[in-house]
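Colleague: Give me a 3D structure for the following:
(2 chains)
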Protein chains: 2
Amino acid sequence: MKWLLWKAFTSLILFFGAREMFNFCFLSQAYVDSSVIMGQTGQFQTRVEKYENIEYMKCTPENGFFPDLSTVSPTNIIFFCSPNNPTGFAASREQLTKLVQFAKDNGSIIVYDSAYALYMSDDNPRSIFEIPGAKEVAIETSSYSKYAGFTGVRLGWTVVPKELLFSDGFPVAKDFNRIVCTSFNGASNIAQAGGLACLSPDGLKAMQEVVGFYRENTNIIMETFNSLGFKVYGGKNAPYVWVHFPGQSSWDVFGEILEKTHVVTTPGSGFGPGGEGFIRVSAFGHRNDVLEACQRFKQFCK
Amino acid sequence: MKWLLWKAFTSLILFFGAREMFNFCFLSQAYVDSSVIMGQTGQFQTRVEKYENIEYMKCTPENGFFPDLSTVSPTNIIFFCSPNNPTGFAASREQLTKLVQFAKDNGSIIVYDSAYALYMSDDNPRSIFEIPGAKEVAIETSSYSKYAGFTGVRLGWTVVPKELLFSDGFPVAKDFNRIVCTSFNGASNIAQAGGLACLSPDGLKAMQEVVGFYRENTNIIMETFNSLGFKVYGGKNAPYVWVHFPGQSSWDVFGEILEKTHVVTTPGSGFGPGGEGFIRVSAFGHRNDVLEACQRFKQFCK
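Modeller: Model prediction:
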């Protein structure tokens, strides 16, 4: 199954009015971009840098990267990514329990993106379905891209529980199946064979090795920025390090690093308005490149 | 690139009101089914077995399988498949010239499906772009599925000419690119490697061998039905034989053949209202199976 992973760092809610509109969102899966070009999100509000039909849930160090649900307007769909890209934050059992309750209270459906779950090193939930009652309010999506280097191979999966129903009692899974069979027809059979190989004992072992290698990269990057005195987030449960440059523009920091070290980072504001003042550093690289980049960061900060 | 090939045997026109609606149709490519579930085609009219916003162009032996364009209402989009599935009919240069002119006169865009072009044995056009002026009114889609046995591998292509513009002068190719990059991100890299191999000298030779093998199957099937006195269409330019059972129901014929010979054909009416009274026989099979099936048809008709 083709995967479009939502990478916006803020947790995000979409307003939709009708079941048909919800169905369209299936086509875009965990990315909001397709909803934008389909017009579901309304116009972009230049002044506030937001789409009018999206309720943004700001996740910053101030709220521990988990939104204050008491201040959030209810919506039909809630996109939630944990462990999060780019912040690297993974929600706790208690937080996810609150999210499930919030969805139940408001009749929302959670689209839960767990593409980085294998990178988790603590015992926070790997899946929304670890939370009692989640099957009645959530869909979960994931991918082989980050587990087995399948970026470009295009394979992932979605879990749509039988228990998840529209307000009229119709199973969401039936609509999902109809849409996937009509518009998609299935992933390349070669990619599917690769996915099955990943699930064999040898494949599972190989995926753990891949994840372990990138975890070492992540540690190297975290140690580097910590040693330079930066406040660093993420890294523990995700292959991304979220570095704070308080009061600075993400793009300015990005540009300065690029010019002075020739290393490409990602400006945090590119993920959404709450990313301003951060850069994301990715651990997906060859070891020597990561070591070289960290060496240059140290030179840069001298 | 993922391919959904439109298999409706009637040439078909969709009414869309706006550029946005046209864009949605890109997502469904050569199949109309996605447009149906998106609501673009309107409601299904049970009485006439048609969708209200689709103008059906009936293609039967009476009109030589090419529609009488003088009786067709203008629409925004025209889906046209040549060589056609299921009739096997390939439009002539003169007919396609008329189609291009019709599109120009009405401001329509032709979505031309040439998935069977390699099966052509006469010198009718292999591509809509052989017709002068077609670049200003047509998109062409094709696939490796029928050329190289890629069904399930999922690879095809679309040609969107720079010359094709919306009525406001904006290039269709720019919107197409935006949609594909946002909603799709590209075919599996493994499938793409396979597609490149198909275009090598060895690959082109292998594709011709595959097509030649199925052409032999097609001839065996055509000879069988001809020898039994049936009126048979298609076969010359496509791997499908379109067998006429005048006055009979496609599903009844299908059922009788299935029960008495245990061979699966395809009831013509499944492709649309104009297919009633026909069955489609596919040449995509192992030689021994095709020979066995033809033997059984002969027994069946004794």
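Colleague: contacts, neighbours, all on C-alpha from now
Modeller: Noted.
Colleague: Worst mean pLDDT across the helices and strands of chain A, which element?
Modeller: helix A:19-28 (a mean of 42; mean pLDDT, DSSP states H and E).
Colleague: For the stretch 201-302 of chain A, which segments count as helices?
Modeller: Ranges of helices in the stretch 201-302 of chain A, per DSSP state H, counting those that start in this stretch, are A:201-227, A:250-261, A:287-300.
Colleague: Export these to a markdown table and append columns for mean neighbour count, mean pLDDT and distance to chain B.
Modeller: Converted to a markdown table, those look like this (neighbours: other CA atoms under 10 Å in any protein chain shown; pLDDT from 0 to 100; distance: least, CA to the nearest CA, whole Å):
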| stretch | mean neighbour count | mean pLDDT | distance to chain B |
| --- | --- | --- | --- |
| helix A:201-227 | 17 | 97 | 19 |
| helix A:250-261 | 16 | 97 | 23 |
| helix A:287-300 | 15 | 96 | 24 |
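Colleague: B:Cys198: which of those is closest?
Modeller: helix A:201-227 (29.8 Å; CA to CA).
Colleague: now the angle between helix A:287-300 and that closest one, please.
Modeller: Orientation of helix A:201-227 against helix A:287-300 (axes from the mean of the first three to the mean of the last three CA atoms, to 10 degrees) gives an angle of 10 degrees.
Colleague: that older thread, could you dump the helices of the stretch 201-302 of chain A into CSV with distance to B:Thr158 added?
Modeller: Output for these, formatted as CSV (distance: least, CA to CA, whole Å):
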stretch, distance to B:Thr158
helix A:201-227, 36
helix A:250-261, 36
helix A:287-300, 38
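Colleague: tell me, how many neighbours does A:Pro61 end up with?
Modeller: Neighbour count for A:Pro61, taken as other CA atoms under 10 Å in any protein chain shown: 11.
Colleague: got the buried residues for stretch A:118-127?
Modeller: Across stretch A:118-127, burial judged by 16 or more other CA atoms under 10 Å in any protein chain shown covers A:Leu118, A:Tyr119, A:Met120, A:Asn124, A:Pro125, A:Arg126, A:Ser127.
Colleague: Please state the offset of it from the chain centre?
Modeller: 14 Å (CA atoms, centre = their mean, to the nearest Å).
Colleague: ok, now stretch A:172-180?
Modeller: That offset, for stretch A:172-180, works out to 23 Å (CA atoms, centre = their mean).
Colleague: What residues does the residue nearest to A:Glu136 when sequence neighbours are not counted make contact with?
Modeller: Closest residue to A:Glu136 in three dimensions, ignoring its sequence neighbours and counting by CA to CA, 6 or more residues apart in numbering or on different chains: A:Leu164, at 4.4 Å. Counting by CA atoms under 8 Å, 6 or more residues apart in numbering or on different chains, A:Leu164 makes contact with A:Lys135, A:Glu136, A:Val137, A:Ala138, A:Pro171, A:Val172, A:Ala173.
Colleague: so A:Pro125 touches A:Glu94, yeah?
Modeller: No: using CA atoms under 8 Å, A:Pro125 is not in contact with A:Glu94; the gap is 9.8 Å.
Colleague: any residues in contact with both of these two?
Modeller: Joint contacts of A:Pro125 and A:Glu94 (CA under 8 Å, 6+ apart) do not exist.
Colleague: any low-confidence regions in chain A?
Modeller: Flagging of chain A using pLDDT under 70 yields the residue ranges A:1-31.
Colleague: all strands of it, in order?
Modeller: Ranges of strands in chain A, per DSSP state E, are A:11-14, A:44-45, A:50-51, A:54-57, A:77-81, A:109-113, A:138-143, A:156-159, A:232-234, A:240-244, A:266-267, A:278-282.
Colleague: Kindly reformat those strands as a markdown table containing distance to chain B.
Modeller: Shown next, in a markdown table, are those (distance: least, CA to the nearest CA, whole Å):
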| stretch | distance to chain B |
| --- | --- |
| strand A:11-14 | 17 |
| strand A:44-45 | 17 |
| strand A:50-51 | 17 |
| strand A:54-57 | 18 |
| strand A:77-81 | 17 |
| strand A:109-113 | 17 |
| strand A:138-143 | 14 |
| strand A:156-159 | 12 |
| strand A:232-234 | 27 |
| strand A:240-244 | 22 |
| strand A:266-267 | 19 |
| strand A:278-282 | 21 |
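Colleague: Any chance of JSON lines for those, columns mean neighbour count?
Modeller: Output for these, formatted as JSON lines (neighbours: other CA atoms under 10 Å in any protein chain shown):
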{"stretch": "strand A:11-14", "mean neighbour count": "22"}
{"stretch": "strand A:44-45", "mean neighbour count": "12"}
{"stretch": "strand A:50-51", "mean neighbour count": "17"}
{"stretch": "strand A:54-57", "mean neighbour count": "21"}
{"stretch": "strand A:77-81", "mean neighbour count": "25"}
{"stretch": "strand A:109-113", "mean neighbour count": "25"}
{"stretch": "strand A:138-143", "mean neighbour count": "24"}
{"stretch": "strand A:156-159", "mean neighbour count": "17"}
{"stretch": "strand A:232-234", "mean neighbour count": "21"}
{"stretch": "strand A:240-244", "mean neighbour count": "25"}
{"stretch": "strand A:266-267", "mean neighbour count": "20"}
{"stretch": "strand A:278-282", "mean neighbour count": "25"}
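Colleague: Nearest approach to A:Trp251 belongs to which of those strands?
Modeller: Across the strands of chain A, closest to A:Trp251 is strand A:266-267 (CA to CA), at 5.4 Å.
Colleague: outside of that closest one, which residues touch it?
Modeller: Here strand A:266-267 has contacts from A:Ser250, A:Trp251, A:Val253, A:Phe254, A:Gly275, A:Glu276, A:Phe278, A:Ile279, A:Arg280, A:Val281, using CA under 8 Å, 6+ apart.
Colleague: Just send the residues you listed back as JSON lines, with distance to B:Lys260 too.
Modeller: Below are these laid out as JSON lines (distance: CA to CA, whole Å):
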{"residue": "A:Ser250", "distance to B:Lys260": "73"}
{"residue": "A:Trp251", "distance to B:Lys260": "72"}
{"residue": "A:Val253", "distance to B:Lys260": "76"}
{"residue": "A:Phe254", "distance to B:Lys260": "72"}
{"residue": "A:Gly275", "distance to B:Lys260": "68"}
{"residue": "A:Glu276", "distance to B:Lys260": "72"}
{"residue": "A:Phe278", "distance to B:Lys260": "72"}
{"residue": "A:Ile279", "distance to B:Lys260": "70"}
{"residue": "A:Arg280", "distance to B:Lys260": "67"}
{"residue": "A:Val281", "distance to B:Lys260": "67"}
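Colleague: What is the most widely separated pair among the residues you listed?
Modeller: A:Glu276 and A:Val281 (14.5 Å).
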